[in-house]
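# would you be able to build a 3D model of this:
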Amino acid sequence: MPDADDMKSIRVHILGREYALRVQEENEAFTREVAAFVNSRMEKFKDAHPEQAELTTAVITALALAEDLHDLRDEIEGERGKVEETLEGLSERLAAAVASEEA
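Below is the predicted model of the structure:
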């Protein structure tokens with residue numbers, strides 16, 4: 001758990017509103033980048049659907065971001081499986097090569 005002394009107060013803007021956040025000083029730039037990304041996605045939705053309430057904009061954007069995250073996690077798991085299969089095949093080939101050298 002970060003020490004309160006290591007925390008810094010910052011302000012970010014999302015859909016024209018200011019939000020005060022406390023972050024670790026070394027995470028300030030990343031937090032600002034993430035806030036700007038969220039703001040961009042929310043503004044994009046709001047531009048396409050100006051009739052929607054701010055809460056609806058926030059919820060739909062959150063769902064879209066969660067879907068993106070879920071898809072990326074699935075993709076990573078698929079790639080991890082491929083890497084594990086490749087490593088297993090290489091390990092078997094190496095063991096076979098070592099065994100044939102010893103024979």
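
# so what's the residue nearest the centre of the chain up against?
For the chain, the residue sitting closest to the mean C-alpha position, by CA atoms, centre = their mean, is L69 at 6.1 Å. By CB atoms under 8 Å, 6 or more residues apart in numbering, no residues touch L69. For the C-beta atoms, the positions are set from N, CA and C on the backbone; glycine is no exception.

# same question, Y19
Y19 neighbours (CB under 8 Å, 6+ apart): 11-13, 35.

# restricted to strands, list these.
11-13 (DSSP state E).

# where does the protein have low pLDDT?
1-4 (pLDDT under 70).

# top helix in it by residue count?
In the chain, assigned by DSSP state H, the helix with the most residues is helix 54-102.

# what about that one, distance to the chain center?
15 Å (CA atoms, centre = their mean, to the nearest Å).

# how about stretch 11-22?
20 Å.

# now do the buried residues in that stretch.
Across stretch 11-22, burial judged by 16 or more other CB atoms under 10 Å covers 12, 14.

# next: stretch 23-35.
23, 27, 31-32, 35.

# can you list those residues in a markdown table and add secondary structure and distance to E102?
As requested, the buried residues of stretch 23-35 are exported to a markdown table (DSSP: H, G, I helix; E, B strand; the rest coil; distance: CB to CB, whole Å):
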| residue | secondary structure | distance to E102 |
| --- | --- | --- |
| V23 | strand | 57 |
| N27 | helix | 53 |
| T31 | helix | 56 |
| R32 | helix | 59 |
| A35 | helix | 60 |
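
# in JSON lines: these, plus distance to E79.
Shown next, in JSON lines, are the buried residues of stretch 23-35 (distance: CB to CB, whole Å):
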{"residue": "V23", "distance to E79": "31"}
{"residue": "N27", "distance to E79": "27"}
{"residue": "T31", "distance to E79": "28"}
{"residue": "R32", "distance to E79": "30"}
{"residue": "A35", "distance to E79": "29"}
